[in-house]
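*Asks:* Sequence below, structure please.
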Amino acid sequence: NISHDFRTPLTAVKGYIQMLKNTEVTRDQLDKLNIAEKHVGRLEQLLSIFFEYSYLLSNDIEAKKETVHVLPLIQETVAGLYSEIEQKGLKIELPESNERFTIEADEAMVVRIIQNLIRNSITHSYGHIVIALKESADYVTIQFSNPIDLSTYKEAFDPNVFFDRFYTSDTTRVSNTGLGGLSIVKLLSEKLGGKALATIENDIITFH
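*Replies:* Predicted structure coming up:
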C-alpha cells in the first residue's frame, strides 16, 4: 500500500513532465525538464530498491533448493541488458562457455543477484567489465570486476561499505545517489548460505 502511495504521485509527475516536453519550450527549458525527468527516474529506482530490501528483510523467505546452472543465467541476463551495455560503450568479458558450474540454490535469488551486479557494473564502471566464475569444494564464486575512479574518494576506504544499506558517497553525488542494489545482493547471498564481499586492486574493483 505504501509503495502504491509513493508511485501514484511519481507517475503523475512523470506525466506532466512528458506533457510539458511536448509543448513549445525553449532549449533551456527542455534541458531542465530532461534533468527533472532523470531525477524522477532515479527516485523510482531507489524506491524500488527500498521496498524490495524491506520486504526481503521483514519476511522470513526460505530459499528453494534446486540445481542451478550459473553460467547460462549470466549469459541470459547479459543478453537481456545488451542495449544498456552498448549504449554506454562497454564490453563484457564472459567466463569460458565450455566451463560448467552448478550449485544447489534458489534460481530466482541467483538471477536477482546477477542482475543487480551487472546493473551496478553498467552504471558505475569506468571501463570494460569482466565476469569470472571460480569453484571450490563447497562454493561457486561469481566475480564482477571493473575499473573504478578512486580519485572521487578523498581517502582509502573499505570497498565492502558498498554493501551497506543505502550507502551514499558525498563525493560522487554528481553522477549517482549511492550503489543501491548491492545491499540486496548481500542479503540474498546470505539467505543462500553464502556471502558477498568486495576487493580493490590496481584501481579495479571486484564484487565476489
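*Asks:* CA only for contacts and neighbour counts going forward, please
*Replies:* Noted.
*Asks:* Just to be sure, T206 is in a strand?
*Replies:* Yes. The assignment for T206 (DSSP: H, G, I helix; E, B strand; the rest coil) places it in a strand.
*Asks:* pLDDT (mean, whole number) over the helix or strand encompassing L46?
*Replies:* For L46, the host element (DSSP states H and E) is helix 27-58. Confidence over helix 27-58, taken as the mean pLDDT, stands at 81.
*Asks:* pretty sure L117 contacts Q143?
*Replies:* No. Checked against C-alpha atoms under 8 Å, the pair L117 and Q143 is beyond contact range at 9.1 Å.
*Asks:* joint contacts of these two?
*Replies:* Taking C-alpha atoms under 8 Å, 6 or more residues apart in numbering as the contact rule, the neighbours common to L117 and Q143 are F207.
*Asks:* quick one: which of these two has more around it?
*Replies:* Summary of the neighbour comparison: L117 and Q143, criterion other C-alpha atoms under 10 Å, with L117 having more neighbours (23 against 19).
*Asks:* Could you check how far that one is from D28?
*Replies:* Note on L117: its distance to D28, by C-alpha to C-alpha, to the nearest Å, is 36 Å.
*Asks:* all strands of this structure, in order?
*Replies:* If you assign secondary structure with DSSP state E, the strands in the chain sit at 66-69, 92-93, 102-105, 129-135, 140-147, 198-201, 204-207.
*Asks:* Fine by me, we can end here.
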